[in-house]
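Undergrad: need a structure here:
(chains A and B)
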2 protein chains.
Amino acid sequence: MPTHLSPPGTVPPSPTTAAANQEKEFNIALLGAGGVGTIAALVLEKSGRARVTAILRSSYAVVSEKGWAIESVDHGVLGSWRCERVVQTIEEAVFPEPQPSPPIPTGAPTPMEAARERYDYIVLCTKQLPEKYNLAEMIAPLVTPGLTAIVLIQNGLNIQDPFIKAFPSNVTMSAVSMIGSFAEPPNVVKHIGPDILQIGPHYHAGVPDVVSLEKTKTFVQMYSEGGAKSCEFVDDMPKARWSKLLWNGTYNSICALVEVHVGDVQSSGAKEGLVLPIMRELQAVAKEDGVLLEDEVVQFMAERSPRSSRWQPSMLLDKVHGRPMEFEVILGAPIRRGRELGVPTPVMSTVYELLKLVRWKVENPGEDGEPHIG
Amino acid sequence: MPTHLSPPGTVPPSPTTAAANQEKEFNIALLGAGGVGTIAALVLEKSGRARVTAILRSSYAVVSEKGWAIESVDHGVLGSWRCERVVQTIEEAVFPEPQPSPPIPTGAPTPMEAARERYDYIVLCTKQLPEKYNLAEMIAPLVTPGLTAIVLIQNGLNIQDPFIKAFPSNVTMSAVSMIGSFAEPPNVVKHIGPDILQIGPHYHAGVPDVVSLEKTKTFVQMYSEGGAKSCEFVDDMPKARWSKLLWNGTYNSICALVEVHVGDVQSSGAKEGLVLPIMRELQAVAKEDGVLLEDEVVQFMAERSPRSSRWQPSMLLDKVHGRPMEFEVILGAPIRRGRELGVPTPVMSTVYELLKLVRWKVENPGEDGEPHIG
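TA: Here you go, the predicted model:
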């Protein structure tokens, strides 16, 4: 029989997949190749252990032709770098590179469905905007039940829940990251703050804990080998995410709302007047949620930013650039959890409601096209 | 003896004061001739019953020469209007127009202190910024104990307290006003929202209630006769001030913080999410303070502004023009009162702390002169 047809009941190996699998240990899909995602793709391929398929949107044309132009504090200057494969849609990422195929002979049975890529990891580095899109739904075609591990390098609380629910037999892990890296469309990446992250598993029924543990540790090892400044395994990821939220829920939100640097919050009295009250609300919700955030952790998070800091957190940058802010997962999620657990969060809720008004203002420009004020 | 010297023990009448007193019933000093104060001066003089001395600052030079150029919804266009007297300092307002006086003859006794103006009313229309200046101290030279009534046409809660304390034998009254009137330095006044106000006495020990009542009603009558759209006497001024605060503490604060029109607050969900929670906190503090704000009043204040309103409240205009905002008397005062009375005000306090951060930002431009963000 012709070589391209296999005996009924077997899946013909795609030459590309086979070749890729022979070359690299892990097949990884990445969604969200912005500042953070591009560096993640770079790190994973630098480890030598991964073949990364990046799913791009508006940057596809430029990046497929020229790659990314990267300036990185961890990796130096790379004038033109590309991961092994870039595609324009999730659909394209599902299937391997198209192979030239001879026409189906007359009378042959219906061709079998084309081979699908089997991804070992799907790495999500998009903005967490659950009010706008449903990531778990979007990536479902890429997930092989029982195999593919989902890695969330994103902001927010309880972001793992939709994936655990949609893919109960798959490992889900997440990262809290200190990285500072910004994309300048169409293909420039300015990586200015070292890639320092903690990754941990979200243990759940449906996956034996040892499997969650192993797949997470493997990913951490690979990421470290790829040259990240620091990639650390943490076993208690819920606690790590709550700790990150202490800083994100306060400084990120306040700086975005008032348009000041982190150092201004420290210098102005807002640390005492706003940051600490919100941190105490978060601490109270976490406690009812079974996560103990010690007072020392709260103090540390409130003190660690110097008065001289001119850092502009992500939601502030989003706001001034007219992009959506991630306050639903950063503030909305702990507020909702607090409501479920009977913990009042009036200070957080006030900041949240004000950010909702900001969002409304951006999404509802004046009738006559005029800005609201000015 | 020469006519300019009177027998010892008597105060020589100043020709100007005498003439003025013969011409007009009431001698009035006015501090804060901005958008609101200039119209107040105009109304009082239009009544035919008052001679107004306006104490100006930076606008003195232009106004003393050319008057104010007024466009008013209540009074029409006045290309060049001036009240009877304008002075540059409180000191000058204390004393009448200087009269040419012959030199003191050698050997004469020490001349007596010059005659002081006796003001029937002092009208204050300045911004209420108690953190910046002490109005009661400033106007003390103008106050004749037991005679001068103090009229506060200003925003805020408990603004009468410093005056009652400083001048216990004087009547203090205040106004809540709907007027929309804006000064464009040096001498232009755009009066765009009708002069609708309620004036009432702040009864206190040291002044018989009937005296407080009578002086207030007299002022209201005079103000009405001067052509204000509507000037109403209210006996329960504390309640009227709290009612005004329901609107001011919410819409004024929120619009300033987020930079939106009043109508945006109504359209965006912020009415439910922010306005009503703050109004309920104010209602609770008022209740403990002995003032009953009915639920119907709260509802009315939350519903009265239409979604189409493009009104920019005073603190928003102050903010965009880099001027100090009056949030200490609008939010700070009810918060402090709540603390004294054991009423929690977390939502109001969060907005207040955010406005403090805005104030800090304006008062602390970046070291290198750069704006904080942008």
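Undergrad: Leaving out chain neighbours, which residue sits closest to residue A:168?
TA: Excluding its sequence neighbours, the residue lying closest to residue A:168 (C-beta to C-beta, 6 or more residues apart in numbering or on different chains) is residue A:206, at 3.7 Å. C-beta coordinates here come from the backbone N, C-alpha and C atoms, glycine included.
Undergrad: Quick check: that neighbour touching residue A:166?
TA: No. Here residue A:206 lies out of contact with residue A:166, judged by C-beta atoms under 8 Å, at a distance of 11.2 Å.
Undergrad: Out of the two, name the residue with the larger neighbour count.
TA: residue A:166 (17 against 12; other C-beta atoms under 10 Å in any protein chain shown).
Undergrad: Quick one, grab the pLDDT at the more buried one.
TA: Looking at residue A:166, its pLDDT is 98.
Undergrad: who's in contact with it?
TA: Neighbouring residues of residue A:166 by C-beta atoms under 8 Å, 6 or more residues apart in numbering or on different chains: A:136-137, A:140.
Undergrad: redo that, cut-off 7 Å
TA: Taking C-beta atoms under 7 Å, 6 or more residues apart in numbering or on different chains, we find residue A:166 in contact with A:136, A:140.
Undergrad: Now do it against chain B, distance only.
TA: Separation of residue A:166 from chain B (C-beta to the nearest C-beta, to the nearest Å): 30 Å.
Undergrad: Now do the phi/psi pair for that residue.
TA: The phi/psi pair for residue A:166 (degrees, to the nearest 10) reads phi -80, psi -30.
Undergrad: For residue B:364, see how far away it is.
TA: 48 Å (C-beta to C-beta, to the nearest Å).
Undergrad: again with residue A:143
TA: In terms of C-beta to C-beta, residue A:143 sits 51 Å off from residue B:364.
Undergrad: What about residue A:242, how many residues nearby?
TA: 24.
Undergrad: Can you verify residue A:27 is assigned to a helix?
TA: No. Going by DSSP: H, G, I helix; E, B strand; the rest coil, the assignment for residue A:27 is strand, not a helix.
Undergrad: For it, grab the count of nearby residues.
TA: Counted with other C-beta under 10 Å, the neighbours of residue A:27 add up to 21.
Undergrad: So for residue A:99, what pLDDT did the model give?
TA: Value for residue A:99, per-residue pLDDT: 59.
Undergrad: ok, now residue A:185?
TA: 86.
Undergrad: backbone phi and psi for it, please?
TA: According to degrees, to the nearest 10, residue A:185 has phi -50, psi 150.
Undergrad: Between residue A:143 and residue B:364, point out the one with more neighbours.
TA: residue A:143 (21 against 13).
Undergrad: and the gap between that one and residue B:265?
TA: The value you get for residue A:143 to residue B:265, if C-beta to C-beta is used, is 43 Å.
Undergrad: so residue A:42 sits right up against residue A:84, yeah?
TA: No. Using C-beta atoms under 7 Å, residue A:42 is not in contact with residue A:84, being 11.6 Å away.
Undergrad: between these two, which one's more packed in?
TA: Set side by side, residue A:42 and residue A:84 show more neighbours around residue A:42, with 26 against 16, by other C-beta under 10 Å.
Undergrad: contacting residues for that one?
TA: Shown in contact with residue A:42 (C-beta under 7 Å, 6+ apart): A:70, A:75, A:81.
Undergrad: And what about it, helix, strand or coil?
TA: Residue A:42 - assigned by three-state DSSP - is helix.
Undergrad: One more: residue A:276?
TA: Following three-state DSSP, the label given to residue A:276 is helix.
Undergrad: Quick one: residues contacting it.
TA: For residue A:276, counting by C-beta under 7 Å, 6+ apart, the contacting residues are residue A:302.
Undergrad: could you redo the last one with a cut-off of 8 Å?
TA: By C-beta under 8 Å, 6+ apart, the neighbours of residue A:276 are A:298, A:302.
Undergrad: Okay, it and residue A:69: tell me how far apart.
TA: From residue A:276 to residue A:69 the distance is 42 Å (C-beta to C-beta).
Undergrad: How far away from the center of its chain is stretch A:318-333?
TA: 14 Å (C-alpha atoms, centre = their mean, to the nearest Å).
Undergrad: Kindly check the end-to-end length of it for me.
TA: By C-alpha to C-alpha, to the nearest Å, the extent of stretch A:318-333 from end to end equals 19 Å.
Undergrad: can you list contacts of stretch A:176-188?
TA: So stretch A:176-188 is contacted by A:33-36, A:38-39, A:58-59, A:61-63, A:66-70, A:72, A:153, A:189-198, A:240-241, A:243-244, A:311, A:317 (C-beta under 8 Å, 6+ apart).
Undergrad: quick one: residue A:30 is in a strand?
TA: Yes. Counting by three-state DSSP, residue A:30 is part of a strand.
Undergrad: For the closest residue to chain B within the stretch 1-150 of chain A, which residues are in contact?
TA: Nearest residue of the stretch 1-150 of chain A to chain B: residue A:131, at 13.3 Å (C-beta to the nearest C-beta). If you count contacts by C-beta under 8 Å, 6+ apart, residue A:131 has them with residue A:328.
Undergrad: for it, phi and psi?
TA: phi -70, psi -10.
Undergrad: again, but for residue A:307
TA: Torsion angles, degrees, to the nearest 10, at residue A:307: phi -60, psi -20.
Undergrad: wait, it sits on residue A:267?
TA: Yes. Contact criterion C-beta under 8 Å: residue A:307 and residue A:267 qualify, at 4.5 Å.
Undergrad: neighbour count winner among those two?
TA: Ranked by neighbour count (other C-beta under 10 Å), residue A:307 and residue A:267 place residue A:267 first, with 17 against 13.
Undergrad: gap between the more buried one and residue A:310?
TA: From residue A:267 to residue A:310 the distance is 11 Å (C-beta to C-beta).
Undergrad: Quick check: phi and psi at residue A:322.
TA: Phi and psi for residue A:322, reported as degrees, to the nearest 10, are phi 70, psi 20.
Undergrad: I'd say it and residue A:362 touch.
TA: Yes. Between residue A:322 and residue A:362 there is a contact at 6.1 Å, judged by C-beta under 8 Å.
Undergrad: Can you report how many residues lie near residue A:138?
TA: Residue A:138, neighbours per other C-beta under 10 Å, totals 14.
Undergrad: Buried residues, the helix or strand where it lies. List them.
TA: Using DSSP states H and E, residue A:138 sits within helix A:135-139. Neighbour-count burial for helix A:135-139, with 16 or more other C-beta atoms under 10 Å in any protein chain shown as criterion, is recorded at A:135-136, A:139.
Undergrad: ditto for stretch A:156-167
TA: A:156-160, A:163-164, A:166-167.
Undergrad: can you check stretch A:292-299 too?
TA: A:293, A:297-298.
Undergrad: Which parts of the stretch 201-350 of chain A are strands?
TA: Applying DSSP state E, counting those that start in this stretch to the stretch 201-350 of chain A gives strands spanning A:230-233.
Undergrad: Geometric centre of chain A: which residue is closest?
TA: Central residue of chain A (C-alpha atoms, centre = their mean): residue A:125, 2.7 Å from the mean position.
Undergrad: Now do residue A:314 against chain B, distance only.
TA: From residue A:314 to chain B the distance is 14 Å (C-beta to the nearest C-beta).
Undergrad: Okay, now the unreliable bits of chain A?
TA: A:1-22, A:99-111, A:367-372, A:374 (pLDDT under 70).
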